[in-house]
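[1] Got a predicted model here, sequence first, then my questions.
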2 protein chains.
Amino acid sequence: MKKFINDVENVENEMLEGIVDAHPDYVKRLEGLDVLVRADKKEGKVALVSGGGSGHEPAHGGFVGRGMLDAAVAGAVYTSPTPDQVYEAIKAVDAGNGVLLVIKNYTGDVMNFEMAAEMAEGDGIEVASVVTNDDVAVQDSLYTTGRRGVAGTIFVHKIAGAKAEAGAPLADVKAVAEKVIANVRTMGVAIKPSTVPAAGKPGFELAEDEMEIGIGIHGEPGTHREALRPANEIVDHLLEKILADIDYSGSEVAVMVNGGGATPAMELYILNKRVHDVLTEKGIKIAKTFVGNYMTSIDMAGASISLLKLDDEMKELLNAPADTIALTQF
Amino acid sequence: MKKFINDVENVENEMLEGIVDAHPDYVKRLEGLDVLVRADKKEGKVALVSGGGSGHEPAHGGFVGRGMLDAAVAGAVYTSPTPDQVYEAIKAVDAGNGVLLVIKNYTGDVMNFEMAAEMAEGDGIEVASVVTNDDVAVQDSLYTTGRRGVAGTIFVHKIAGAKAEAGAPLADVKAVAEKVIANVRTMGVAIKPSTVPAAGKPGFELAEDEMEIGIGIHGEPGTHREALRPANEIVDHLLEKILADIDYSGSEVAVMVNGGGATPAMELYILNKRVHDVLTEKGIKIAKTFVGNYMTSIDMAGASISLLKLDDEMKELLNAPADTIALTQF
């Protein structure tokens, strides 16, 4: 295993320290916990808490800041954070207006975040939660009952975060988060697996000419493996699945072409060109495009495409100012 | 070779189209050329032009926009752009106040940019140029006489770009660019080589336990190869070389921990933690830190560390607003 690390047992901790060292004006770490919170706690608003296993950077700590998340809870690599860590995050960011948990649909995450919610409610904190499940590839996967929550989650952070920043009550912030979840779909592909530091070897193997279609963000199996094809054919296949899932015709969308962590920008932009061409040909209007590493899988060479079908409210909130490490102006 | 591409002969073109498709509000492409210019040409200021071979994304197109570059010229992967492309870029962005070329020190780039400068001067356009050479690893390398210009170039874009945006005359913009060049130093390391699409195989080979210390951004040999060491020891070695080159003692610096393209954020932040700890221990104050992919080498797994010794002028310009694709607020 070739990585810039010191100690496989300590990668999460050193990473979190490295983030705070780099960006003390954006985030601080809760003492003794793997939780990043906004450096400037904002009072008088609903607080948003998200998180999950580490290895998906910049998700989720990179999205902590004005107009997005108030806290990100980091589990060990590819492992759900414990309920007590989430509970401490909720307590730290609650400003008396309630807390929305944005949970990716993985069994461990759902269980632990909901346990934390119950603990916080026992303290009198109002907590609501939403579960993202944007991955159209498979129903019921390794670690997940139902569909997996993947890169589309970032749109929930952004749009619900903007709603909360504007002072909306918890019920409205939750409602817009659910609207995003109902309208965002994602599908991914990988050509090289990721290596969890503590495991020391890739999570699976792919032959020199193979790709895994519909892969999950922890390398969970997708729909099938096949020989690597030209980028355009891969995009066509992913978009076909996404567009078959809800009716995007005549609508306006936000696009995310997300990198796996080891995919160069050159390739992501080549993929984006085809996404743009296909959507344009179908009469689907693109309001905004994001290309880059948003929800990665450590060092996986792969990509996912997300489409969010917008309405006026979501579009306005997507365009509202935000200020975070990963995207200072999302 | 496993890449998301369609045609090795057309990767640069498709990438540039993908960038413009994604970000038409930031950049447009000069008709028939591999040149990206600001979507909103700003009149009444000195224009900045940079560029070089493709494969270093987001450099340089990602830094075109308010407060940074006015044009980025893209050659084929790892190949200098031709003089006529640079010449067209100069003509397109000149607003009558002169043009500064920011050139990385590679023999081809220097020759072609300077030839373009002469062509533009023949048209009566005032052109100045600076050559970055921040890489402390080696003198006289493959493709280069003297030191190579690498990730520190981004600081030149940002600081000279802010000076130009503020309306300074060409001589002053050039002077501050030269001040940045005099005060920025970089050194890099790689654990996995990059693959040029048209070559179809990695540019060199590294054994399973080996790293290349002092590597250039095209995979040029560095100072030596040795067995992979813990991240902290690698940082200590790179910093030792950088800190020996100019006197940073008691000064305030900007730090860049730059990824090679396939290096996950987790590892870059682990490296940054050590950079922060070492500088803090030495009494060097960190004014601002950048961690991410700024000047990549396609899909190289590697990283570089840059230190810019600041004065009040450079610090103010570094903190001035900018709005580009890669860093909407640098």
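    Received the coordinates, thanks. Numbering: from 1, shown residues only, chains lettered A, B, ... in the order given.

[2] any weak-confidence spans in chain A?
    By pLDDT under 70, the low-scoring segments of chain A are A:328-330.

[3] Show me where it has its strands.
    A:27-29, A:35-38, A:47-54, A:65-66, A:71-77, A:99-104, A:127-132, A:184-192, A:210-213, A:224-227, A:252-259, A:285-292, A:301-310, A:323-324 (DSSP state E).

[4] Quick check: which of those is nearest to B:Val86?
    Judged by C-beta to C-beta, the one of the strands of chain A that comes nearest to B:Val86 is strand A:285-292, at 25.9 Å. (Each C-beta comes from the backbone N, C-alpha and C, glycine too.)

[5] starting at the chain centroid, how far to the closest one?
    In terms of C-alpha atoms, centre = their mean, to the nearest Å, the centre of strand A:285-292 is set 16 Å apart from its chain centre.

[6] same deal with stretch A:291-306?
    10 Å.

[7] Just the CA trace of it, in CSV.
    The C-alpha trace of stretch A:291-306 is given here as CSV (Å, rounded to 0.1, in the frame of the first residue of the first chain):
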residue,chain,number,x,y,z
VAL,A,291,-17.3,19.2,-11.6
GLY,A,292,-14.8,17.9,-9.1
ASN,A,293,-14.2,15.9,-6.0
TYR,A,294,-17.2,16.2,-3.7
MET,A,295,-18.0,12.8,-2.3
THR,A,296,-15.0,10.6,-2.9
SER,A,297,-14.0,7.1,-2.1
ILE,A,298,-10.4,7.6,-0.8
ASP,A,299,-8.3,6.9,-3.8
MET,A,300,-10.8,5.3,-6.1
ALA,A,301,-10.5,6.1,-9.8
GLY,A,302,-14.1,6.6,-10.7
ALA,A,303,-16.9,9.1,-11.1
SER,A,304,-20.5,9.6,-10.6
ILE,A,305,-23.1,11.7,-12.3
SER,A,306,-25.9,13.4,-10.3
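
[8] Can you tell me the closest non-neighbouring residue to A:Glu17?
    Closest residue to A:Glu17 apart from its sequence neighbours, by C-beta to C-beta, 6 or more residues apart in numbering or on different chains: B:Lys273 at 4.8 Å.

[9] The one you found: neighbour count?
    24 (other C-beta atoms under 10 Å in any protein chain shown).

[10] show me the contacts for it.
    A:Glu14, A:Met15, A:Glu17, A:Gly18, A:Asp21 (C-beta atoms under 8 Å, 6 or more residues apart in numbering or on different chains).

[11] so the last one touches B:His276, yeah?
    Yes. The pair A:Asp21 and B:His276 passes the contact test of C-beta atoms under 8 Å, sitting 3.8 Å apart.

[12] how's chain A carved up into domains?
    What the TED database lists as the domains of chain A is A:10-180, A:183-327.

[13] For stretch A:36-50, buried residues please.
    A:Leu36, A:Val37, A:Arg38, A:Lys45, A:Val46, A:Ala47, A:Leu48, A:Val49, A:Ser50 (16 or more other C-beta atoms under 10 Å in any protein chain shown).

[14] Now do the contacts for the closest residue to chain B within the stretch 51-200 of chain A.
    At 3.8 Å from chain B, A:Glu57 is the closest residue in the stretch 51-200 of chain A, using C-beta to the nearest C-beta. By C-beta under 8 Å, 6+ apart, the residues touching A:Glu57 are A:Met15, A:Gly261, A:Asn293, A:Thr296, B:Pro264, B:Ala265, B:Met266, B:Tyr269.

[15] Hmm, A:Ala262 and the third one touching each other?
    No. Applying C-beta under 8 Å, one finds A:Asn293 not in contact with A:Ala262, separated by 9.3 Å.

[16] and A:Pro81, what does it touch?
    Per C-beta under 8 Å, 6+ apart, neighbours of A:Pro81: A:Asp34, A:Gly51, A:Gly52, A:Gly53, A:Val73, A:Ala74, A:Gly75, A:Asp109, A:Asn112.

[17] show me the contacts for the fifth one.
    Neighbour list for A:Val73: A:Asp34, A:Val35, A:Val49, A:Ser50, A:Gly51, A:Gly52, A:His60, A:Pro81, A:Gln85, A:Val86, A:Ala89 [criterion: C-beta under 8 Å, 6+ apart].

[18] and the residue nearest to the first one when sequence neighbours are not counted, what are its bridge partners?
    When you say that, I think you mean A:Asp34. Sequence neighbours aside, A:Ala74 is the residue nearest to A:Asp34 in space, at 4.4 Å (criterion: C-beta to C-beta, 6+ apart). For A:Ala74, the beta-bridge partners are A:Gly52 (DSSP bridges).
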